[in-house]
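Q: Predicted model and sequence follow; I will ask about them next.
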Amino acid sequence: MPETEIIVHDILIVGAGLAGSWAAMVAAKQGVQDVAVLSKIHPLRSHSGAAQGGIAGALNNVRPVAGGGPDGPLEQIPAGDAPIDSVDLHVFDTIKGSDWLGDQDAIEIMCREAIDVLYEYEHMGCVFSRTPDGRIAQRRFGGHSTPRANYAADWTGHVLLHTIHEQALRHKVKFYNEWYCMDLIIEDNVCRGVVAMDVLQGKIYTMRAKAVLFGTGGYGRAYKITSNAFANTGDGVAIAYNAGIPLMDMEFVQFHPTGLYKHGILMSEACRGEGGYLLNNKHERFMERYAKGKMELAPRDLVSRSEQQEIDEGRGVEADGQGIWLDLRHLGREKIMERLPQVRELAIDFVGVDPIDGLVPIQPTAHYSMGGIAADADGQVIADLAGTPVVGFYAAGEAACISVHGANRLGTNSLLDASVFGRRAGYAMARFVQNGAALQPVSGDPAQRSRARVQALLDNPGTELVEDVAQDLKTTMTNNCGIFRDEARLQQAMREIKVLQARFKNARTMDKSSRFNTDLLATLEADHMLTFSEVIVAGALARQESRGAHSRTDFPQRDDDRWLVHTMAHKNGADGPQLSFKPVTIDYDKYPPQERKY
Amino acid sequence: MSNPSTHPTATVRIQRFNPETDAKPHMQEFQVELKPGVTVLDALHEIKTHQDGSLTFRRSCRHAICGSCAMHVNGKNELVCNAPLKDRLDRNGRITIRPLPYLPIIKDLVVDRSSFWEQYLRVKPWLMPPADTPEKEFRMSPEEVAALNSAETCIMCGACYSSCQIVGLTKEYIGPHALLKAFLRVMDPRDAIPGARLADLDGADGVYRCRTIFNCIDACPKNLNPTLAIETLRKLAQKREAFEQARIERQKHLDEPIPAR
Ligand SMILES: Cc1cc2nc3c(=O)[nH]c(=O)nc-3n(C[C@H](O)[C@H](O)[C@H](O)COP(=O)(O)OP(=O)(O)OC[C@H]3O[C@@H](n4cnc5c(N)ncnc54)[C@H](O)[C@@H]3O)c2cc1C
Ligand code: SF4
Ligand code: FES
């Protein structure tokens, strides 16, 4: 066996989306000399760049024109006029959106610091759209009671990601691009580093650090139809879980109502914001039956459920009846060209329909992972219900569950979550290192396990193709643990996952080379998906209620008496996840649980 | 594949090369089903997952925003993720895919973009803000923002860079992508060092290397115009001091509302 080369840094960050890049930039700016980031794809390819709509924050730059109604035009708030928005209102909208499962202390921090984070982005060079008097432009977004989605045209995530990456470079953060993290080194509840592979050479290294952060993004790829990038395979979540770290609220997966049929690619919420209709195969605007007041603009979970019900009751469109029509024709050519140019291009490119004169087939698409690695508002990962810190280990962004989104995330709150808590984690790690944290010893050769794992995969002569196992997983997750769930289907999903885990042991990696082996990466990613999917299903089975994005047809009501709690899942050997339940932080005087009505 | 299909097939010709094992690149043909709505990336993915797992390429977002998947398709650089396969087939139902030109090949369709990123770093892509920061945002007019739109949407895919004959001749040239980034910073009223930037770009490897061959414009999947940005930088470099002075003046008012017109 070759000896493992060891790389040492003060702070090591896995993931270069908004969460990871903020943490790295801040720690470096605070004077930590040796900050490194590793990312399995180039940082600028991270999925944060795909976000279109905006990033939330109560800046009070615009307001609805008086008398224009709830969907009417917006105008800048003249200097001296009363504000319409507040941190408190943002907090309340987020709590309501979360169906009261979000931790209210963390939500308060996020909404308060939003303002600071937005100005910092602006000062760092982010090119936001502007109001006539030069302030950051804002638009409406679902579930927010005021126009507080701060935006840069329809490429908001792109400009945020480029800005923060540039600043990390400016502050001399070291990047390991196209390095794949495989393992987390934790002994005695102290994190000591990670094991990672340089994809180019196929070589595995032990990377030691005083503090490690996971900003590895979401896990939407476990579903057949998803808006997520290929990279969103939940690696960090699975790696942490395998290392004994608890995952929280994994059963909450958000489905966006308008993914392109079969592709899942997102048609922005702006389609409905601008007045688009949803039609079934009888050309009825079926939202009338589900949310007469808000129609197509009801919150995401509700609209997705309504679509699915139409589909399940045989009123879907396309040959397999799995689609719904998105009708933009009445908006007219001009409005479509001006407000929804990207969306139009996507429809033409992917389903061959020009929305100006055609109906666009769409379907609900897996979009956002509310659950993740359990952490506090400094990104400090916790080991148990008591909140015992895992020393030196941090998590932020979509990979983490802090928990600000609870059972359902509001649009534009996740770019904010990744930014605010990435930043806070950066400060926390800098304090930790500057207060004298030492590099902790590692026993033995921690890379040994990963090397053996890779060798076993490459040597496996199996008869299965990894892709077929992965596809079957996605199918069962979609059919049995998707928008609607019930005991029987979830049991079915659990059985199938066990079978798939066994089939995976007989799956072969076709590429046997060491150089840039993306086939091997796909195999590792499939392994990770099989790992965390079991946790999603276990949580969904246990949670006998319907709340936010988790909808049990056999338990259709929210049940605060029994289920106003977070699900924590620990790995329990081969027995699968062991669940325990953590109280939600609620300020009963200020934001007591209410019925969630729109 | 086992079940007989009713779909016509497409022939995908791909340039293969693993420098560790192959003496030189060679072409290989694969057949894929031409199902409706299939993109070129879908075809590559189908080949990789079901026919030959060693076929290597980069991809992530699937909708033309991450910049991973630029390749040389039928003699032209483009993103493969939003390219419909059927539109790329010749009369014989064939498509030819090669890696981006002028760059070292890592494996198959994956190229080494090191020089591309080095040039990006060289222009200091980050904003250098003024010493004083206001409590709230710097004020920028919608027009000042619009002037940046033609640069800020660059996804750093490298399609322009690797279509540029000057890049083919010398990797010392800063290149269209990095010059476009430099343009973004120079034009931004919040940037405090436009003079220094222009002085740097004015050298032999900078704006004067461009021979206005326009390949970059044809290649750009985001319809950006690096050539125009380079020409603008050239003009600004000629009146650098006046431009710097105007920036200093502008920055005195960065925290004031844009006056109504
Ligand atoms: C199409 C789309 C549109 C969206 N629009 C909006 C919006 O308008 N507003 C909003 O607020 N939110 C939006 N979201 C959600 C939001 O974009 C994400 O939640 C957020 O960007 C996540 O950021 P992140 O930093 O946590 O992760 P990502 O940006 O996903 O980054 C993850 C990083 O981890 C790295 N990584 C992962 N695994 C490994 C590994 N094993 N080894 C090494 N590196 C690894 C990746 O390379 C990457 O750099 C949207 C999401 C989608 C899918
Ligand atoms: S200018 Fe266009 S072609 Fe060049 S890197 Fe940017 S997006 Fe790609
Ligand atoms: S996969 Fe992201 S641009 Fe093509």
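A: Right, received. Where do you want to start? Ligands and ions are numbered 1, 2, ... in the order given.

Q: does the residue in the stretch 301-450 of chain A that ligand 3 sits nearest to sit in a helix or strand, and which one?
A: Nearest residue of the stretch 301-450 of chain A to ligand 3: A:Asp349, at 11.2 Å (C-beta to the nearest ligand atom). For every residue, glycine as well, the C-beta is placed using N, CA and C. For A:Asp349, the enclosing helix or strand under DSSP states H and E is helix A:341-351.

Q: distance between the helix or strand just after that helix and the chain's centre?
A: Downstream of helix A:341-351, the first helix or strand assigned by DSSP H and E is strand A:360-369. On the basis of C-alpha atoms, centre = their mean, to the nearest Å, strand A:360-369 sits 14 Å off its chain's mean C-alpha point.

Q: all strands for the stretch 101-250 of chain B, in order.
A: B:105-107, B:110-111 (DSSP state E, counting those that start in this stretch).

Q: could these be laid out in a markdown table, adding distance to ligand 1, mean neighbour count and mean pLDDT?
A: Converted to a markdown table, the strands of the stretch 101-250 of chain B look like this (distance: least, C-beta to the nearest ligand atom, whole Å; neighbours: other C-beta atoms under 10 Å in any protein chain shown; pLDDT from 0 to 100):
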| stretch | distance to ligand 1 | mean neighbour count | mean pLDDT |
| --- | --- | --- | --- |
| strand B:105-107 | 18 | 22 | 98 |
| strand B:110-111 | 16 | 22 | 98 |
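
Q: re earlier: would you agree the residue of the stretch 301-450 of chain A closest to ligand 3 is in contact with B:Pro84?
A: Yes - under the criterion of C-beta atoms under 8 Å, A:Asp349 makes contact with B:Pro84 at 6.5 Å.

Q: Overlap in contacts, these two.
A: Listed as contacting both A:Asp349 and B:Pro84 by C-beta atoms under 8 Å, 6 or more residues apart in numbering or on different chains are B:Thr39.

Q: Whichever strand or helix holds A:Gln455 - what's its average pLDDT?
A: Assigned by DSSP H and E, A:Gln455 falls within helix A:447-459. Averaged over helix A:447-459, pLDDT sits at 96.

Q: swap in stretch A:323-342?
A: pLDDT averaged over stretch A:323-342 gives 89.

Q: swap in stretch A:224-243?
A: In this model, stretch A:224-243 has an average pLDDT of 97.

Q: Do that stretch and ligand 3 come into contact?
A: No - Stretch A:224-243 does not reach ligand 3 (C-beta under 6 Å from any ligand atom); its nearest approach is 7.3 Å.

Q: That stretch vs chain B: in contact?
A: Yes - with C-beta under 8 Å from any C-beta of the partner chain as the criterion, chain B is reached by stretch A:224-243 at A:Ala229, A:Phe230, A:Ala231.

Q: if I look at A:Gly234, how far off is chain B?
A: 15 Å (C-beta to the nearest C-beta, to the nearest Å).

Q: so what's that residue up against?
A: A:Thr216, A:Gly217, A:Gly218, A:Tyr219, A:Arg221, A:Ala222, A:Ser369, A:Ala399, A:His528, A:Met529, A:Phe532.

Q: Export these to JSON lines and append columns for distance to A:Arg515, neighbour count and secondary structure.
A: Shown next, in JSON lines, are those (distance: C-beta to C-beta, whole Å; neighbours: other C-beta atoms under 10 Å in any protein chain shown; DSSP: H, G, I helix; E, B strand; the rest coil):
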{"residue": "A:Thr216", "distance to A:Arg515": "24", "neighbour count": "36", "secondary structure": "coil"}
{"residue": "A:Gly217", "distance to A:Arg515": "26", "neighbour count": "31", "secondary structure": "coil"}
{"residue": "A:Gly218", "distance to A:Arg515": "29", "neighbour count": "30", "secondary structure": "coil"}
{"residue": "A:Tyr219", "distance to A:Arg515": "28", "neighbour count": "31", "secondary structure": "coil"}
{"residue": "A:Arg221", "distance to A:Arg515": "25", "neighbour count": "24", "secondary structure": "helix"}
{"residue": "A:Ala222", "distance to A:Arg515": "29", "neighbour count": "28", "secondary structure": "helix"}
{"residue": "A:Ser369", "distance to A:Arg515": "32", "neighbour count": "29", "secondary structure": "strand"}
{"residue": "A:Ala399", "distance to A:Arg515": "28", "neighbour count": "32", "secondary structure": "helix"}
{"residue": "A:His528", "distance to A:Arg515": "22", "neighbour count": "24", "secondary structure": "helix"}
{"residue": "A:Met529", "distance to A:Arg515": "25", "neighbour count": "27", "secondary structure": "helix"}
{"residue": "A:Phe532", "distance to A:Arg515": "29", "neighbour count": "28", "secondary structure": "helix"}
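
Q: Many thanks, we can stop here.
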